[in-house]
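A.B. asks: Can you look at this prediction? I've put the sequence above it.
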Amino acid sequence: MRAHGTSDLLDVCHVGVVLRVLLGVQGLLALVLLLNTRDAQAWMQAVALDTVVTLPATLTWLLLACGLKSVLARSSPAGQAVFLCSLGAACALFSGELLVALMGADPAGLWRQLSLALAGAVGAGAVLAWLRLRARQQMSADALAKLVELQARIRPHFLLNTLNSAIALVQEDPKRAQRLLEDLSELYRAVIEDQGAVVSLAQEIELARRYLEIERVRFGERMRVSWVLDSEAGAARVPPLLLQPLVENAVRHGVEPNDDGGSVEIRTRCKGGEVEILVSNSVRAPRRFAGDGLTLDNVRRRLMLRHDVAARFELHPGKHRFSVRIMVPL
């Protein structure tokens, strides 16, 4: 599996990343000033004054890093570090000069300028280190997701049932048997092939359809599937293998344990600048399989790593239905 593109390692365009960086810089500033002021009033005055420098410098650095993300993706890690640290120094110096101009004070001396440049470079380096750590967590989560799904796809009963169904259909309905094997092949391909950091929701829906078509051969009329899809929602970008594990869970716990089967519903819709994804299943009989929660935890983790605070993941267990609700940016 290929590593994520460098553009994903420097993803500073998310609202959650911006907020964390701003809060981190301001928190560090407040802590440093706390050690160098004699009382609370002097500390608050110092924080207010220095925020005039740190806030514009940080925002400018974030905006430029976001805008230059595709350009930086073509640079080596060392080149990125040099450029971004130099950019941090330049932003700090610019904000320092802006403060001098606004207050009508004397120009900063050489020592002050060197201090600002060093602080900006070190701050940029710390943010870059955090972004790379965050990207490694994302890659680990994606690798785990592929492992979990690969294990799920090669579960003996699933593979055996699918192949037996195909064998039974060869004489009776060769075209349907061919489609069944094509769907199985597509599931394996999606798990093994590197699809990149994100895919469209439309691609995820197509993969879920193929999985359900395989299971329909096995369960027949016992499995009732409802699709309520918003065509505009298909453009949303999500981590790969996000929807299919949720649909598999819905079949495994909502259809398989019941002698008379059950229902699975998949809904998508646009709500303002967000897309809502809802996967729900009927609940009638006690579970035959004890869930370990690994699938849901993995989906939640990858979703948060990709979209941060811009995404939501909610579980809604009920007496008659169990639902998973996801909100992602459009």
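C.D. replies: All right, it came through fine.

A.B. asks: which residues sit against stretch 13-25?
C.D. replies: Applying CB atoms under 8 Å, 6 or more residues apart in numbering, the set of residues contacting stretch 13-25 from outside is 11-12, 54-55, 58-59, 62, 66, 69, 123, 127, 130-131, 134, 307-310. C-betas here are computed from N, CA, C, even on glycine.

A.B. asks: at 7 Å what do you get?
C.D. replies: 11-12, 54, 58, 62, 66, 69, 123, 127, 307-310 (CB atoms under 7 Å, 6 or more residues apart in numbering).

A.B. asks: Report the buried residues of that stretch.
C.D. replies: Across stretch 13-25, burial judged by 16 or more other CB atoms under 10 Å covers 14, 17, 18, 20, 21, 25.

A.B. asks: With stretch 302-318 instead?
C.D. replies: 302, 303, 304, 305, 306, 307, 308, 310, 311, 313.

A.B. asks: Return the closest of those with respect to residue 40.
C.D. replies: Nearest to residue 40 among the buried residues of stretch 302-318: residue 308, at 33.5 Å, using CB to CB.

A.B. asks: so what pLDDT did that closest one get?
C.D. replies: At residue 308, the model reports a pLDDT of 75.

A.B. asks: Now it: closest residue in space that isn't a chain neighbour?
C.D. replies: Of all residues not flanking residue 308 in the chain, residue 16 sits nearest, at 2.8 Å (CB to CB, 6 or more residues apart in numbering).

A.B. asks: any idea how far residue 310 is from that neighbour?
C.D. replies: Counting by CB to CB, to the nearest Å, the separation of residue 16 from residue 310 is 6 Å.

A.B. asks: need the next SSE after the helix or strand bottoming out on mean pLDDT in the chain, C-terminal direction.
C.D. replies: Lowest by mean pLDDT, DSSP states H and E among the helices and strands of the chain is helix 6-9, with a mean of 46. Downstream of helix 6-9, the next assigned helix or strand under DSSP states H and E is helix 15-34.

A.B. asks: Can you give me the buried ones in the helix or strand following that following helix?
C.D. replies: Going down the chain from helix 15-34, the next helix or strand is helix 40-67, by DSSP H and E. With burial defined by 16+ other CB under 10 Å, the residues of helix 40-67 counted as buried are 43, 46-47, 50-51, 53-54, 56-62, 64-65.

A.B. asks: What is whichever helix or strand comes after helix 40-67 packed up against?
C.D. replies: Per DSSP H and E, the first helix or strand lying C-terminal to helix 40-67 is helix 69-72. Counting contacts by 3 or more CB pairs under 7 Å, 6 or more residues apart in numbering; DSSP states H and E, helix 69-72 is packed against helix 6-9.

A.B. asks: My read is that residue 225 contacts residue 264, right?
C.D. replies: Yes: Residue 225 is within contact range of residue 264, at 5.2 Å (criterion: CB atoms under 7 Å).

A.B. asks: Show the residue spans covered by the strands in the stretch 151-300 of the chain.
C.D. replies: Per DSSP state E, counting those that start in this stretch, the stretch 151-300 of the chain has strands spanning 199-200, 223-228, 237-238, 262-271, 274-282. These are given in chain order.

A.B. asks: quick one: the helices in the protein?
C.D. replies: 6-9, 15-34, 40-67, 69-72, 77-103, 110-153, 156-172, 174-192, 201-219, 243-254, 294-307 (DSSP state H).

A.B. asks: and among the ones you listed, the most buried is which?
C.D. replies: helix 243-254 (a mean of 22; mean count of other CB atoms under 10 Å).

A.B. asks: any idea how far residue 42 lies from residue 34?
C.D. replies: 10 Å.

A.B. asks: Residue 116 now?
C.D. replies: Counting by CB to CB - residue 116 and residue 34 are separated by 20 Å.
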